[in-house]
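# Provide a 3D model corresponding to the input given below.
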Amino acid sequence: MKIPALAFTVTDWDKIPATEHPGEQGKALWRTLNIGDVRVRMVQYTPGYLADHWCDRGHILYVLEGELESQLKDGRTFTLTAGMSYQVSDFGDAAHRSFTRTGVKLFIVD
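Residues are numbered from 1 along each chain as shown. You can find the predicted model right below:
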């Protein structure tokens, strides 16, 4: 990931329109800022959300509120709570997907 030339920029996430992305269960609401090839997102998953795909994209993900279960395709699972993060490269380790019982708010850079 390389951030292209960019002036100092302040983002008011409440002013960025949310887009809805249905999961296999529940839905995700994304507020997205694209900077060249870098995507920065504030994401909320509804309670019971389960991603509808396995993902191989690299992310830096930080949990702001709630609890997230990150499931890896090889069977491992990791539970993250507020203040925790994970980092994974493109096609790094095993493909992953997200699940939350309670709902969660995330900050993601990819």
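
# any low-confidence regions in this structure?
Scanning the chain for pLDDT under 70 picks out the ranges 1.

# Beta-bridge partners for the residue nearest to the spatial centre of it, please?
Within the chain, the residue whose C-alpha comes closest to the C-alpha centroid is residue 108; the distance, by CA atoms, centre = their mean, is 4.6 Å. When bridges are taken as DSSP bridges, the partners of residue 108 come out as residue 41, residue 61.

# same check, this time on residue 80
Each beta-bridge partner of residue 80 is listed here, defined by DSSP bridges: residue 68.

# Tally up the residues packed near it, please.
In terms of burial, residue 80 registers 20 neighbours under the definition other CB atoms under 10 Å. To be clear about C-beta, it is placed using only N, CA and C from the backbone, and glycine gets the same treatment.

# can you confirm residue 14 is in a helix?
Yes. The secondary structure assignment for residue 14 places it in a helix, going by DSSP: H, G, I helix; E, B strand; the rest coil.

# residues touching it, list them.
Residue 14 makes contact with no residue, according to CB atoms under 8 Å, 6 or more residues apart in numbering.

# Would you mind measuring from it to residue 42?
Taking CB to CB, to the nearest Å as the measure, residue 14 falls 9 Å from residue 42.

# One more: residue 2?
Residue 2 is 22 Å from residue 42, where distance means CB to CB.

# Mind checking which of those two has more residues around it?
A direct count of neighbours by other CB under 10 Å for residue 2 and residue 42 places residue 42 higher, at 19 against 6.
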